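In: Structure for this input, please:
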Amino acid sequence: MELKTTSIFQAIYPSFVLHKHWEMPEGYNEHLFHIASLDAEANKIKNTDDRRNVGDTSNHLGHLRHNFLTSTIDPAIPVLVDMAKSSIREYLMLAYGYDHKGEINMMSDTFLQQRSKKQNIGINSHTHIQTDIVCTYYPKVDLDEDAPDSSLHKGALRFYDPSNVGKRLWPCNNPDYYIGGWYSVQPVTGSMVVFEGHVPHDSTYFEGEDRMCIPILCSLELPNSHCKTSTEEILNIQGGA
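Out: Have a look, this model is predicted:
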């Protein structure tokens, strides 16, 4: 006996990663590395009572919350912003078929890691849960020529399954879908990696002298975005009603 049946199969809560490599004009990355390094040094935590502190003084990842894109005035910054804007719009089109025409609000920190200061240990796992999309640009990745051919030694950027399912034991023959313990991206000088802020990620130890990454945290302005208002403003409005 033949039985009629229908099936609906839907991938839910997917994560996407876009790795772009920009071929920049001569001197651009070197200059951006220079001004970003000055920014990273200037915004190290020096006063533990500063309310802008993110982290602490015990390691090089602690810094002051600021916006590199506005606090540093330099011709290289508008170029970086345009690169991030176009990459985000490309990501949204590739991942969701969505052509974003609205504004994109951005802020950026700078992270310099130097082997000479024993800082080439990578960055621990974290998310940017209040950020729609992250664009991380690498103006300098200085690896040793004889570095082991392993992502664990090359400062790979790793993305973890937000649902924490981990690796399945059966093979995945779907070329459009990745399964595994983590998805690894090997950044080089000129890499820009685009992903959504909720995705857990880290970076590994790197066998090299200097590495600079500039994460740009982006929020999309959308017609249906939340219209949050401070409690003080709400009470003032209601009190004047």
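In: in stretch 33-45, what's buried?
Out: Across stretch 33-45, burial judged by 16 or more other CB atoms under 10 Å covers 33, 35-37, 39-40, 43, 45. C-beta: built from backbone N, CA, C; applies to glycine.
In: partners of the top strand by length along the chain, with directions?
Out: Across the chain, the longest stretch assigned as strand under DSSP state E is strand 208-220. In the sheet, strand 208-220 lines up against strand 104-108 (antiparallel), strand 111-114 (antiparallel), strand 133-143 (antiparallel) (DSSP bridges).
In: And the helices in this protein?
Out: 28-42, 68-71, 76-96, 231-239 (DSSP state H).
In: Kindly provide the whole-number mean pLDDT of the third one.
Out: Read that as helix 76-96. Computed over helix 76-96, the mean pLDDT rounds to 96.
In: Check the last one too.
Out: Averaging the model's pLDDT scores along helix 231-239 yields 93.
In: How far does it sit from its chain's centre?
Out: In terms of CA atoms, centre = their mean, to the nearest Å, the centre of helix 231-239 is set 36 Å apart from its chain centre.
In: that older thread, so which of the strands paired with strand 208-220 comes closest to residue 21?
Out: Nearest of those to residue 21, taken as CB to CB: strand 133-143 at 9.6 Å.
In: ok now that closest one, how far from the chain's centre?
Out: 9 Å.
In: what's the average pLDDT for it?
Out: 96.
In: Residue 201 contacts residue 122, doesn't it?
Out: No: taking contacts as CB atoms under 8 Å, residue 201 lies outside contact range of residue 122: 11.1 Å.
In: Please identify which of the two sits among more neighbours.
Out: residue 201 (23 against 18; other CB atoms under 10 Å).
In: Excluding chain neighbours, what is closest to that one?
Out: residue 159 (4.9 Å; CB to CB, 6 or more residues apart in numbering).
In: before we move on, what about residue 17?
Out: residue 195 (5.0 Å).
In: can you pull the contacts of the one you found?
Out: 15-18, 133-134, 159, 201 (CB atoms under 8 Å, 6 or more residues apart in numbering).
In: Sort out for me which of these are in strands.
Out: Reading strands off the contacts of residue 195 with DSSP E, I get 17-18, 133-134, 159, 201.
In: Quickly list what the residue nearest to the spatial centre of the chain is bridged to.
Out: The centroid of the chain falls nearest to residue 134 when counting by CA atoms, centre = their mean (3.8 Å). For residue 134, the beta-bridge partners are residue 195, residue 217 (DSSP bridges).
In: Quick check: it vs residue 174, distance?
Out: Relative to residue 174, residue 134 is positioned 26 Å away (CB to CB, to the nearest Å).
In: Low-confidence bits of the protein, can you list those?
Out: 240-241 (pLDDT under 70).
In: Kindly recompute the last result at 80.
Out: Applying pLDDT under 80 to the chain flags the ranges 7, 11-14, 162-167, 240-241.
In: For the closest residue to residue 92 other than its chain neighbours, the count of nearby residues, please.
Out: Leaving aside its sequence neighbours, residue 92 sits nearest to residue 98 (CB to CB, 6+ apart; 4.6 Å). Neighbour count of residue 98, defined by other CB under 10 Å: 13.
In: Fine, thanks again, bye for now.
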